[in-house]
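> Requesting a structural model of the entry that follows:
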Amino acid sequence: MAVFGLLAAGLGVVGLVSPDTMLTVMGFEPIPKASRAEGDHTLAFLTASSMAALNMGVYYVLASLADWKPFFRWTVPFRLLTCAVFTLAVVTGRAPAGFLGVGLWEGLGALATGAALRYEKRSPRP
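The predicted structure follows:
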C-alpha cells in the first residue's frame, strides 16, 4: 500500500509540474499550448486528475502507516473497477494503447493487495 501510495503521489506531482511528461507516459501525444484549440480543457482535466492522484497517494501512505486493513480491503474492488474501465477505454478507442498500462497497474495492484490480505488472514499469528 505504501509503495502504491508513493507511486501515485509521485505521478500526481509529475502531472502537476510537467503535464506533457504525464501525457507522454500515458500514451498521449502532447500538443503545444499554441496549437491547442480554444475550449481544449485537456490540461485542466490533467491538473484535476494529477491532484487527485497526489491526494490519493497520500491517503494510501497514511493508511499504510496506520495499518488500516479495512481501507486496504475497500480498495480492491474499486481498483478492479478502475482496471476494467480503463481497459474498456482502450478497447473501444477512447484512449490510446499506452493508457492500458494505467489499467494494468490498477488491476495488478488490486490483485496483489487482495492476495496479501488473504495471506495475512490465513497466516498464524504469534
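> quick one: least confident helix or strand in this structure?
Ranking every helix and strand in the chain by mean pLDDT, DSSP states H and E puts helix 19-25 at the bottom, with a mean of 90.
> That one packs against which elements?
helix 2-17, helix 42-65 (3 or more Cβ pairs under 8 Å, 6 or more residues apart in numbering; DSSP states H and E). C-beta here means a position set from N, CA and C on the backbone, and glycine is covered the same way.
> export those helices to JSON lines and tack on mean neighbour count, mean pLDDT and distance to residue 74?
Shown next, in JSON lines, are the helices and strands packed on helix 19-25 (neighbours: other Cβ atoms under 10 Å; pLDDT from 0 to 100; distance: least, Cβ to Cβ, whole Å):
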{"stretch": "helix 2-17", "mean neighbour count": "17", "mean pLDDT": "94", "distance to residue 74": "14"}
{"stretch": "helix 42-65", "mean neighbour count": "16", "mean pLDDT": "94", "distance to residue 74": "10"}
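> Spit out the contact partners of the nearest residue to residue 9 once chain neighbours are set aside.
Residue nearest to residue 9 in three dimensions, not counting chain neighbours: residue 57, with 2.8 Å by Cβ to Cβ, 6 or more residues apart in numbering. Going by Cβ atoms under 8 Å, 6 or more residues apart in numbering, residue 57 touches 4, 5, 6, 7, 8, 9, 10, 11, 12.
> do the same with residue 113
So residue 113 contacts 1, 4, 72, 75, 76, 79 (Cβ under 8 Å, 6+ apart).
> Let's have those in JSON lines, adding distance to residue 62.
JSON lines is the format used below for the contacts of residue 113 (distance: Cβ to Cβ, whole Å):
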{"residue": "1", "distance to residue 62": "10"}
{"residue": "4", "distance to residue 62": "13"}
{"residue": "72", "distance to residue 62": "12"}
{"residue": "75", "distance to residue 62": "13"}
{"residue": "76", "distance to residue 62": "18"}
{"residue": "79", "distance to residue 62": "17"}
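> so which of these comes closest to residue 65?
Residue 65 has its nearest neighbour among these in residue 1, at 9.3 Å by Cβ to Cβ.
> isn't that closest one right up against residue 62?
No. Judged on Cβ atoms under 8 Å, residue 1 makes no contact with residue 62 at a distance of 9.8 Å.
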